[in-house]
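pasted the sequence and its predicted model underneath.
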Amino acid sequence: MTQTPAEESETPGVVSRRGFLASAGVVSSYVAAGVAGFAGGALTVNAAQASTPEKEAQLRAGQQSATIPFYGEYQAGIMTPLQSYGTYMAFTLNPSTTLSQARSMMQLLTDDAARLGKGKPTLPDGEPYLATEPARLTSTFGFGPGFFTKLGLQGSIPAGFTELPSFSIDKLQPEFSGGDLVIHVGADNPLTVAHAARQLSRTAHTFAEPAWSQSGFNRPQYGVASDQTGRNLFGQVDGTVNPRSAKEFDSQVWATSGPQWFRDGTCLVVRRIQMDFAGWDKLDDTKKETAMGRNLHNGAPLTGTKEFDTPDLKATYENGMPVIASFAHVRRAKTDNPAEKFLRRPLNYEDGLLPSGEPNAGLIFAAYMTDIQKQFVPVQQRLADLDLMNTWTTPIGSAVFALPPGCQPGGYIGEGLLG
Amino acid sequence: MKNSTSATKRGLSLVAVAIAALALGGCAPATPEPVTPTASDVWIKAVPELMDGMAMTGVFMTLENPSDEDIVLVGATNTTEGLTETPMEIHEVVKNDAGEMVMQMVEGGIVIPAKGSVTLKPGGYHVMYWDLLKPIPVGSHVTLTLEFSNDTTLDVDAVARDISTYAG
């Protein structure tokens, strides 16, 4: 099997110190982003050859100062190319919080997010120097079902925004489920994410109690061939069929009908998927590829050679067996129905060890779509009914949110609903 | 004392400007309009509920002085209806002889240097509200008028923010 760049860039000393598999994703991320990557990692060979230390330093400084506009038609952090680090935080509205206080909360959060996105501290920032490296920071806000019911806004709930049905594979834990308000922070610098998350959670805390917080990471984009999708901790490429063009976003992600406040907004599904590494490690490459229906080295479907080749579900071996098995994840998830496509913006998580000593690790599956019922539920139902990957993955958290559109300077996120 | 100091300073500067203008144009200058500093990022530490005898809080901001001479923030007046009857004060936090951080009035006010700025922030300079008559909830706004040594004034709006991340 062809080695992946990420594997090549891990040094044995680092891996043995950090532990087997549990930290592999974290280690590769740091190596790729840091000095070791420049010293010899395959990830940055091309960049290193064409460059000097001064140019590298400039390039890295540019990355840390890069900004994503906060104001606009859509909220930032959705169409924004996936950052290396992210945190999803959910809150439960205080019983005493009124509609006018919810408005106040969103005005303050908007002000905080706009400042942080420019690399500026929030007004009450106690650590203003942590705000100076925005590193493509985005802050995105959404409302859970309880936000509408608690504030008397039931009449404004978009038709396609519903709770998920309970799936047979679910083993949901309350500490990763539900919530009235979600704040998603993403950036290419983990310190930036942590700081922004703390600033925004302080503002929310006056009006709501923290419900859960989930942080994760992805391969840095810098120094990596841009045409390959990121990998999860099972080594699988994840997000191949994502919308990429503005036209695809218009048809899959941004709301064009429904309540006026929701136009150019979207729905978010956050599912925490725990991975069973003990079971996964028992599989050889062929079994892993059969379960997924894609090869491991570049994510191509088993009927193709490149990641973005379309899987041929009809292809069979000479003995008549399908090349992509009946239970393969790709077959179960694939749809030709344009109404069942959506954006995946996953984060890997690695939070120490389970009591068993196995890695407490998996995937924060974050999906964005106009209509949960029509786009997401049919796909998730097919996967719940039959997908061999269910053997090694367990959904342990689930939450849904409706995300308002963006806003212009002087306005605030959610103004169409709360104004 | 602070008034006489700033008045003297202003007088000297005016003379300087006059001389410069005469040198350039050779005719008598009009009296220049005094420059009003600008205020940005104005906020006030929220007071969600009034504590017995502790109903006070501070206003923070960044003041910029685009002019060629120092301007001093010498006072402030509350313009929010029903918020307080007690005059506001300009304060700073300093270490006393015992090594404790204490709040005290700033002698002569806060200097905004020429072509420069000064930031009022927690643990440093602030404009002090005393004897609040009602709470200042997070997200609410109060208004006040800042008074400067060159007799200019500036109306500002301060948004109330919480300062602690995990206040109960």
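Now that the structure is in, tell me what you want to look at.

where in chain B is pLDDT low?
B:1-30, B:53-54, B:165-168 (pLDDT under 70).

nearest residue to the residue of the stretch 301-419 of chain A found nearest chain B in space, please, no chain neighbours.
Residue nearest to chain B within the stretch 301-419 of chain A: A:Y412 (11.1 Å; Cβ to the nearest Cβ). In short, each C-beta sits where N, CA and C put it, glycine included. Closest residue to A:Y412 apart from its sequence neighbours, by Cβ to Cβ, 6 or more residues apart in numbering or on different chains: A:T110 at 3.9 Å.

per-residue confidence at that neighbour?
We have a pLDDT of 98 for A:T110.

how many other residues sit next to the nearest residue to A:P338 once chain neighbours are set aside?
Once flanking residues are discounted, A:P338 sits nearest to A:S251: 6.6 Å by Cβ to Cβ, 6+ apart. A:S251 has 14 neighbours, counted by other Cβ atoms under 10 Å in any protein chain shown.

picking up where we left off before, separation between the residue nearest to A:Y412 and A:E415?
For A:T110, the distance to A:E415 (Cβ to Cβ, to the nearest Å) stands at 9 Å.

what about those two, which has more around it?
Taking neighbours as other Cβ under 10 Å, A:T110 and A:E415 compare with A:T110 leading, 24 against 18.

is that one in a helix, a strand, or coil?
Here A:T110 is recorded as helix under DSSP: H, G, I helix; E, B strand; the rest coil.

can you say which helix or strand has whatever residue of chain B ends up closest to chain A in it?
Going by Cβ to the nearest Cβ, chain A is nearest to B:G139 of chain B, at 3.2 Å. Counting by DSSP states H and E, no helix or strand carries B:G139.

what is the neighbour count of it?
B:G139 - counted by other Cβ under 10 Å - has 21 other residues nearby.

nearest residue to it other than its sequence neighbours?
Distances taken as Cβ to Cβ, 6+ apart place A:S104 nearest to B:G139, at 3.2 Å, with adjacent residues excluded.

closest to the centroid, which residue in chain B?
Centroid check for chain B by Cα atoms, centre = their mean gives B:L73 as the closest residue, at 4.4 Å.

and the residue lying closest to A:T98 once chain neighbours are set aside, backbone torsions?
Distance criterion Cβ to Cβ, 6+ apart; nearest residue to A:T98, sequence neighbours excluded, is A:L151 at 7.7 Å. With angles defined as degrees, to the nearest 10, A:L151 sits at phi -100, psi 10.

okay, now the residue nearest to B:G139: neighbour count?
Under the neighbour criterion other Cβ under 10 Å, A:S104 is assigned a count of 24.

flag every buried residue along the helix or strand hosting it.
Using DSSP H and E, A:S104 sits in helix A:99-117. Neighbour counts over helix A:99-117 (16 or more other Cβ atoms under 10 Å in any protein chain shown) mark A:101-117 as buried.

the helix or strand just after it packs against which elements?
Per DSSP H and E, the first helix or strand lying C-terminal to helix A:99-117 is strand A:138-143. If you count contacts as 3 or more Cβ pairs under 8 Å, 6 or more residues apart in numbering or on different chains; DSSP states H and E, strand A:138-143 packs onto helix A:99-117, strand A:181-187, strand A:393-403.

for those, give me JSON lines that also has distance to A:G146.
Shown next, in JSON lines, are the helices and strands packed on strand A:138-143 (distance: least, Cβ to Cβ, whole Å):
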{"stretch": "helix A:99-117", "distance to A:G146": "12"}
{"stretch": "strand A:181-187", "distance to A:G146": "9"}
{"stretch": "strand A:393-403", "distance to A:G146": "10"}
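
pretty sure the residue nearest to A:T98 sits against A:S100.
No. Assessed by Cβ atoms under 8 Å, A:L151 is found out of contact with A:S100, at 9.8 Å.

quick revisit: who's in contact with the residue nearest to the centre of chain B?
If you count contacts by Cβ atoms under 8 Å, 6 or more residues apart in numbering or on different chains, B:L73 has them with B:37, B:63, B:90, B:109-110, B:112, B:127, B:146-149.

among those residues, which two are most distant?
Greatest spatial distance among those (Cβ to Cβ): B:V127 and B:S149, at 15.1 Å.

now the residue nearest to the centre of chain B: which helix or strand?
Using DSSP H and E, B:L73 sits within strand B:71-78.

partners of that strand in the sheet?
Strand B:71-78 sits in its sheet next to strand B:110-112 (antiparallel), strand B:141-148 (antiparallel), going by DSSP bridges.

I'd like these as CSV, with distance to B:K121 appended.
Listed next are the strands paired with strand B:71-78 as CSV, based on distance: least, Cβ to Cβ, whole Å:
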stretch, distance to B:K121
strand B:110-112, 12
strand B:141-148, 16
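
in TSV: the ones you listed, plus mean neighbour count.
TSV is the format used below for the strands paired with strand B:71-78 (neighbours: other Cβ atoms under 10 Å in any protein chain shown):
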stretch	mean neighbour count
strand B:110-112	20
strand B:141-148	19
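
ok, A:T335 to A:Q375 distance?
Distance from A:T335 to A:Q375, by Cβ to Cβ: 9 Å.

what does A:S326 give?
Distance from A:S326 to A:Q375, by Cβ to Cβ: 24 Å.

and those two? Which one has more around it.
When neighbours are counted by other Cβ under 10 Å, A:Q375 comes out ahead of the other of A:S326 and A:Q375, with 26 against 11.

pLDDT at that one, what is it?
Listed pLDDT for A:Q375 reads 94.

correct me if wrong: it contacts A:P338.
No. With contact defined as Cβ under 8 Å, A:Q375 does not count as touching A:P338 (9.5 Å).

overlap in contacts, those two.
By Cβ under 8 Å, 6+ apart, the residues touching both A:Q375 and A:P338 are A:Q252.

what is the end-to-end distance of stretch A:179-191?
End-to-end distance for stretch A:179-191, by Cα to Cα, to the nearest Å: 25 Å.

buried set for it?
Under 16+ other Cβ under 10 Å, the buried positions of stretch A:179-191 are A:179-190.

would JSON lines of the residues you listed with pLDDT be doable?
Conversion of the buried residues of stretch A:179-191 to JSON lines gives the following (pLDDT from 0 to 100):
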{"residue": "A:G179", "pLDDT": "98"}
{"residue": "A:D180", "pLDDT": "98"}
{"residue": "A:L181", "pLDDT": "98"}
{"residue": "A:V182", "pLDDT": "98"}
{"residue": "A:I183", "pLDDT": "98"}
{"residue": "A:H184", "pLDDT": "98"}
{"residue": "A:V185", "pLDDT": "98"}
{"residue": "A:G186", "pLDDT": "98"}
{"residue": "A:A187", "pLDDT": "97"}
{"residue": "A:D188", "pLDDT": "95"}
{"residue": "A:N189", "pLDDT": "95"}
{"residue": "A:P190", "pLDDT": "97"}
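
just the closest of those to chain B, please.
Nearest to chain B, judged by Cβ to the nearest Cβ, of these is A:I183 at 13.8 Å.
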